[in-house]
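>>> What follows is a predicted structure for the sequence shown.
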Amino acid sequence: MALNPRIPATFTHMLIEHLQAHEVEPATVMPVGLSQVDSIAPEGLAISHWIALLDRAAIHLNDPCLGLHVGQRITPRHLGPLGYLLLAMPNLGAALDKLNQYQRLVYDLTPMKVRAVDDGIELVWDAEHGRPGQLSDDTVLATLVQFARDITAGPQLQLSRLSYINPPPLDRRPYEAFFECPVDFDQPETVLRIAADALFRPLKGNDPGLTSLMETQVRQLMASLPASVAGVSALRQTMGESLHLGEPTLADMAAAQGLSARTLQRQLAIAGTSFNRELAAVRQQMAEAYLADFRLTLSDVAQLLGYSEHSAFTRRFRATTGCSPKLWRQRLKPE
């Protein structure tokens, strides 16, 4: 998982296209500056911002299955070089292997694990890295399944079973209709099972000559992503757990991890970052998540982030985002 997980711009592009297809002006749902495809940064959106956008769009369209519908809009062009690399592979199994190798380009929150079973494979997403919620999970799973179906030659790809980590929806029928397999909810992890014979299904765009060119581009994109360093990830988690107690210090955070301050500084330097930079990133990520929870007042958010004064939180947030916490929340809040 990345140090600061984000949803790639791909998903936001599909959401915009879905809104436009329903004659909804994206600006009525999305904050100013994010309602045009060409205005979205390539690195995408913070997870908390993405979840809030899905919530707003689902309410506006009165569509609790919005994620299933947005995911069905996926095409190779949405995924860039990775999409065309997957399309050029000889069979579905090879494409899934490449997806597993380069998955950070597609979904950088909960890593997908591939698990062999007697009658095929399971694609697994656990709860260790967070629970983004039903709408986000629906979008990712629908995107994966729709893309696999679109690039596979012959009859439509059939799935063996889908287990969701999320609680059951009010109506299961849209899930059973789209995935066309048994769908369970309230499971320990999200698991998509694919039969062994499906892995040998040829793909429509199989092109060995294109594979090398596309893979070179994909590797360059992977190299541009922030490094995932265990020590820095642990620091961020420790910071997040202690922020409400006040301003974290380097010495305290190092001691909490059983390290000396000098060792922690060295780990951060190796990762190309610093203690203050990580503290600012954690605060910003948590601030966005807290602001998306409308039960919290702005004073509550400031206190949870370890600020002694509400004004200090406002100044820091405005310096980072260009707007006040109040305005940020107004842009997220459903009308």
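Looks like it came in fine. Numbering: from 1, shown residues only.
>>> mind listing what residue 160 touches?
Contacts for residue 160 (Cβ atoms under 8 Å, 6 or more residues apart in numbering) come out as 119-120, 181, 193-195. Heads up, the C-betas are built off the backbone N, CA and C, glycines and all.
>>> for the helix or strand where residue 69 lies, which positions count as buried?
Residue 69 is part of helix 66-71, with elements assigned from DSSP states H and E. Across helix 66-71, burial judged by 16 or more other Cβ atoms under 10 Å covers 66-71.
>>> Is it possible to get JSON lines of those that adds pLDDT?
As requested, those are arranged in JSON lines below (pLDDT from 0 to 100):
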{"residue": "66", "pLDDT": "97"}
{"residue": "67", "pLDDT": "96"}
{"residue": "68", "pLDDT": "97"}
{"residue": "69", "pLDDT": "97"}
{"residue": "70", "pLDDT": "96"}
{"residue": "71", "pLDDT": "95"}
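>>> can you list contacts of the helix holding residue 69?
Helix 66-71 has contacts (Cβ under 8 Å, 6+ apart) with 11, 14-15, 18, 54, 57-58, 63, 134-146, 174-175, 178.
>>> hmm, back to that, for residue 327, state which of the buried residues of helix 66-71 is nearest.
Distances from residue 327 to the buried residues of helix 66-71, taken as Cβ to Cβ, are shortest for residue 66 (25.3 Å).
>>> just the strands in the stretch 101-250 of the chain please.
113-117, 120-125, 161-163, 183-184, 190-195 (DSSP state E, counting those that start in this stretch).
>>> Most tightly packed of those?
strand 190-195 (a mean of 21; mean count of other Cβ atoms under 10 Å).
>>> Report the mean per-residue pLDDT for stretch 172-189.
Per-residue pLDDT values over stretch 172-189 give a mean of 95.
>>> Please apply the same query to stretch 293-309.
On average, the pLDDT along stretch 293-309 is 84.
>>> Straight-line length of it, end to end?
Terminal residues of stretch 293-309 are spaced 20 Å apart (Cα to Cα, to the nearest Å).
>>> how far does that stretch sit from the chain's center?
Distance of stretch 293-309 from the chain centroid (Cα atoms, centre = their mean, to the nearest Å) equals 25 Å.
>>> Residues touching that stretch, excluding its own?
243-248, 283, 286-287, 290-291, 310, 312-314, 316, 325-326, 329, 333.
>>> In contact with residue 48, which residues?
Contacts of residue 48 by Cβ under 8 Å, 6+ apart are 285, 288-289, 291-292.
>>> what's around the nearest residue to residue 50 once chain neighbours are set aside, how many residues?
For residue 50, ignoring the flanking residues on the chain, the nearest one in space by Cβ to Cβ, 6 or more residues apart in numbering is residue 7 at 4.2 Å. Around residue 7 sit 26 other residues, with neighbours defined as other Cβ atoms under 10 Å.
>>> what ranges of the stretch 151-300 of the chain fall below the confidence cut-off?
In the prediction, the stretch 151-300 of the chain carries residues with pLDDT under 70 at positions 223-231, 233, 270-272.
>>> CA atoms only: put stretch 54-65 into PDB for me.
C-alpha atoms of stretch 54-65 as PDB (Å, rounded to 0.1, in the frame of the first residue of the first chain):
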ATOM      1  CA  LEU A  54     -19.400   8.600  -4.400                       C
ATOM      2  CA  ASP A  55     -21.800   9.300  -1.500                       C
ATOM      3  CA  ARG A  56     -22.900  12.600  -3.100                       C
ATOM      4  CA  ALA A  57     -23.400  11.100  -6.500                       C
ATOM      5  CA  ALA A  58     -25.300   8.100  -5.100                       C
ATOM      6  CA  ILE A  59     -27.700  10.400  -3.200                       C
ATOM      7  CA  HIS A  60     -28.100  12.700  -6.200                       C
ATOM      8  CA  LEU A  61     -28.900   9.800  -8.600                       C
ATOM      9  CA  ASN A  62     -30.900   7.900  -5.900                       C
ATOM     10  CA  ASP A  63     -28.700   4.900  -6.800                       C
ATOM     11  CA  PRO A  64     -27.500   2.700  -4.000                       C
ATOM     12  CA  CYS A  65     -25.700   0.500  -6.600                       C
END
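>>> list the buried ones in it?
54-58, 60-61, 63-65.
>>> okay, among those, which ones form the most distant pair?
Going by Cβ to Cβ, the pair spanning the buried residues of stretch 54-65 furthest: 56 and 65, at 15.6 Å.
>>> quick one on the thing from earlier: redo the buried residues of helix 66-71 as a markdown table? Include distance to residue 156.
Formatted as a markdown table, the buried residues of helix 66-71 follow (distance: Cβ to Cβ, whole Å):
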| residue | distance to residue 156 |
| --- | --- |
| 66 | 23 |
| 67 | 20 |
| 68 | 16 |
| 69 | 18 |
| 70 | 20 |
| 71 | 16 |
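>>> Closest to residue 206 out of those?
Using Cβ to Cβ, residue 71 is the member of these that sits closest to residue 206, with 24.0 Å.
>>> Could you measure from the closest one over to residue 104?
19 Å (Cβ to Cβ, to the nearest Å).
>>> What of residue 111?
From residue 111 across to residue 104, the span is 8 Å (Cβ to Cβ).
>>> do the same with residue 189
Taking Cβ to Cβ, one finds residue 189 at 20 Å from residue 104.
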